[in-house]
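A.B. asks: just a sequence and a predicted model for now, questions to come.
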Amino acid sequence: MEAESYRSHSEEETFRLGTAFAERLRTQDVVMFFGDLGAGKTEFIKGISHYFNVEEIVSSPTFTVMNQYTGETPENDEITIYHVDLYRIKSEEELDEIGFRDCMYSEDTIKLVEWSENAGNLIPDIRWTVHISFDADNENERLIVINHIGEETPQYPSLEATV
Amino acid sequence: MTILAIESSCDETAAAVVKNGVVLSNIVSSQTEHSAFGGVIPEIASRAHLRMISTVVDQALSKSQCTLTDIDAIAVTTSPGLAGALLVGANFAKGLAMRLQIPLVPINHIEGHLYSGFLVSEQIEFPFVSLVVSGGHTSLFYVTSFHEYSILGSTRDDAAGEAFDKTSKMLGLGYPGGPIMDKLAKDGHPDRFIFPRGMMQKDSLQFSYSGLKTAVRVFLQNNYPEGNFHDNIHNICASVQEAIVEPLVKKSFNAVKRMKVNTLVVAGGVSANSRLRSELLRFAQKKSVKLYIPDIQYCIDNAAMIGFLAEKKIIEQKTPDHYMSYNITVNSSALRSPKK
């Protein structure tokens, strides 16, 4: 598929884009997030978790590195969501020690990875990527670019219709 | 009863010996002076815990002037934290307990923090409100006994310590951000700049710090496009610190009022922050609330609090063999509050 670009004008809009995007996710999917501090990665992920009816507060995993949530699919099947944050990771050795490899290869789970810049060689061949960047002219605007890499995927309708 | 406690839930490897509620030794890896490890910045690696754990346990024993034969039970943190890191402590503790044929008590790290006030004062009376504030946690609890408590609120995004670290990074300061900003803020005015406070609706006991990152970024961009903010660093640090501290203080006392208690216990690494301490103290005096903030060695991650709680649990346990199964598992999930 071709990369899709969206503009978000608020935290709420980033959240809603996350919820709309989540409809495309299937178990086994990996979503790798890129974007600077305060861009809205966690907000987008909160939106995804909302789609999957996660009942707990989805908070930043920067300190804990990996949080695990239980959600449910629209078909009411239970699903495990890993929310990973590689902000504090300094080497690939550490990735193995925190169990990132096990997480990435776990079955029947969805993996949402912040600070994917630090994922080293453990970036899967097939993945979603979400890049969130600041708008230089407007402090409240974010450019969100969504892409699917590694295999042919169906062309999805724009998220704007659902947001 | 003499308890050997082990804690390895995150960056620190820690061990302590606690006897009848009194801390005999309390060793934390980053503070040990062992020549091979001295001054090493902790890394996020179970390997680091593996390297440290024997040394730290040995030091805790020798400092307490105990030997393994004096130990009546082993306590260990089994949740929440990094799974790999937790496993190092849990397996070490399990091996030791099996060899000595003594009870093995699994302890939740946050619960350890909740009762850490008792390490400095036995006078604390239930029920009380507890604020646990650190790099990974920012939560308010209503605590009614050594085994009963409920979550009143927690952060919906970043923890307070994380807010310090991340804004510190934006300001080009080092890690960890809290102590650095605390120091710089001492020569600044907390009301020189106004940064947003999250979730300040009067009835909310939830926290939010993610908006602060954006606010600081926009502030720097608008006021110092050339990046020359260093002349004003004291005022900026004091103002950012105030935006982090004020919600902690206000919500803690709102919780005290709502729960109709008159005791507030504060724990976690961020409680070392001098502005947080002085503001808590000021409010406590104004509102006649009893305030307990443990010494810094018991605020940061430590094993003494784990040993203290384990002793309480053993005493409360009516079946003597309860902790003899050695059947413990680690769990990385944090204590989080439900959305509503």
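C.D. replies: Right, received. Where do you want to start?

A.B. asks: from A:Q155, how far off is the residue of the stretch 151-300 of chain B found nearest chain A?
C.D. replies: For the stretch 151-300 of chain B and chain A, the shortest gap (Cβ to the nearest Cβ) falls at B:K213, measuring 3.4 Å. Where C-beta positions appear, they are placed from N, C-alpha and C, glycine not excepted. Distance, B:K213 to A:Q155, using Cβ to Cβ, to the nearest Å: 35 Å.

A.B. asks: returning to what we had before: the residue lying closest to the residue of the stretch 151-300 of chain B closest to chain A once chain neighbours are set aside: how many residues sit nearby?
C.D. replies: Leaving aside its chain neighbours, B:K213 sits nearest to A:G38 (3.4 Å; criterion: Cβ to Cβ, 6 or more residues apart in numbering or on different chains). Residues near A:G38, counting by other Cβ atoms under 10 Å in any protein chain shown, number 24.

A.B. asks: assumed A:G38 was part of a strand.
C.D. replies: No: under DSSP: H, G, I helix; E, B strand; the rest coil, A:G38 sits outside any strand and is assigned coil.

A.B. asks: can you tell me the element the residue of the stretch 151-300 of chain B closest to chain A falls in?
C.D. replies: Element membership of B:K213 [criterion: DSSP states H and E] is helix B:210-223.

A.B. asks: which of the residues in that helix are buried?
C.D. replies: Within helix B:210-223, the residues scored as buried using 16 or more other Cβ atoms under 10 Å in any protein chain shown are B:210-217, B:219-220.

A.B. asks: one more: stretch A:105-112?
C.D. replies: A:109-112.

A.B. asks: which residues touch B:I328?
C.D. replies: B:76, B:78, B:90, B:94, B:104, B:106 (Cβ atoms under 8 Å, 6 or more residues apart in numbering or on different chains).

A.B. asks: kindly report the same for B:N254.
C.D. replies: B:202, B:205.

A.B. asks: low-confidence ranges in the chain?
C.D. replies: By default, I'm working from chain A. Chain A contains no residues with pLDDT under 70.

A.B. asks: the chain in question should be chain B.
C.D. replies: Filtered on pLDDT under 70, chain B yields the residue ranges B:31-45, B:333-340.

A.B. asks: B:I151: which element?
C.D. replies: For B:I151, the host element (DSSP H and E) is strand B:149-154.

A.B. asks: B:L24 reaches B:S62, doesn't it?
C.D. replies: No: assessed by Cβ atoms under 8 Å, B:L24 is found out of contact with B:S62, at 10.8 Å.

A.B. asks: more crowded one of the two?
C.D. replies: Using other Cβ under 10 Å as the criterion, B:L24 and B:S62 rank with B:L24 on top: 21 against 13.

A.B. asks: just give the nearest non-adjacent residue to that one, would you?
C.D. replies: Closest residue in space to B:L24, ignoring its immediate chain neighbours: B:S64 at 3.5 Å, by Cβ to Cβ, 6+ apart.

A.B. asks: now do the contacts for that neighbour.
C.D. replies: B:17, B:19, B:24-25.

A.B. asks: is it possible to export these to JSON lines including secondary structure?
C.D. replies: Listed next are the contacts of B:S64 as JSON lines, based on three-state DSSP:
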{"residue": "B:V17", "secondary structure": "strand"}
{"residue": "B:K19", "secondary structure": "strand"}
{"residue": "B:L24", "secondary structure": "strand"}
{"residue": "B:S25", "secondary structure": "strand"}
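
A.B. asks: ok, and the most crowded of those?
C.D. replies: Neighbour-wise, those (other Cβ under 10 Å) top out at B:V17, 27 neighbours.

A.B. asks: the spatially most distant residue from the centre of chain B: what secondary structure?
C.D. replies: Relative to the mean C-alpha coordinate of chain B, counting by Cα atoms, centre = their mean, the farthest residue is B:E226 (37.6 Å). Reducing the assignment at B:E226 to three states with three-state DSSP gives coil.

A.B. asks: assign residue 89 to helix, strand or coil.
C.D. replies: As the question left the chain open, I've gone with chain A. What three-state DSSP gives for A:I89 is coil.

A.B. asks: isn't it right up against A:V113?
C.D. replies: No: applying Cβ under 8 Å, one finds A:I89 not in contact with A:V113, separated by 10.7 Å.

A.B. asks: buried set for the helix or strand containing B:V245?
C.D. replies: Counting by DSSP H and E, the element that carries B:V245 is helix B:233-258. Within helix B:233-258, the residues that count as buried by 16+ other Cβ under 10 Å are B:233-249, B:251-256.

A.B. asks: what about it, distance to the chain center?
C.D. replies: Relative to its parent chain, helix B:233-258 has a centroid offset of 17 Å by Cα atoms, centre = their mean, to the nearest Å.

A.B. asks: one more: stretch A:154-163?
C.D. replies: In terms of Cα atoms, centre = their mean, the centre of stretch A:154-163 is found 17 Å from the chain centre.

A.B. asks: check stretch B:224-240 too.
C.D. replies: Taking Cα atoms, centre = their mean, one finds stretch B:224-240 lying 29 Å from the centre of the chain it belongs to.

A.B. asks: stretch B:13-28 too?
C.D. replies: Mean-position distance between stretch B:13-28 and its chain equals 16 Å (Cα atoms, centre = their mean).

A.B. asks: restrict it to CA atoms and write it as PDB.
C.D. replies: Output of stretch B:13-28 as PDB, limited to C-alpha atoms (Å, rounded to 0.1, in the frame of the first residue of the first chain):
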ATOM      1  CA  THR B  13      19.500  -4.700  42.900                       C
ATOM      2  CA  ALA B  14      18.800  -4.400  46.600                       C
ATOM      3  CA  ALA B  15      18.900  -6.600  49.700                       C
ATOM      4  CA  ALA B  16      18.000  -5.900  53.300                       C
ATOM      5  CA  VAL B  17      17.700  -7.600  56.700                       C
ATOM      6  CA  VAL B  18      14.700  -6.700  58.800                       C
ATOM      7  CA  LYS B  19      14.200  -8.000  62.300                       C
ATOM      8  CA  ASN B  20      10.900  -7.400  64.200                       C
ATOM      9  CA  GLY B  21      10.100  -4.400  62.100                       C
ATOM     10  CA  VAL B  22      13.600  -2.800  62.500                       C
ATOM     11  CA  VAL B  23      15.900  -2.400  59.500                       C
ATOM     12  CA  LEU B  24      19.300  -4.000  60.300                       C
ATOM     13  CA  SER B  25      20.800  -3.400  56.900                       C
ATOM     14  CA  ASN B  26      19.600  -1.900  53.600                       C
ATOM     15  CA  ILE B  27      21.900  -2.200  50.600                       C
ATOM     16  CA  VAL B  28      21.200  -0.800  47.100                       C
END
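
A.B. asks: next secondary structure after the strand holding B:I151?
C.D. replies: helix B:160-170.
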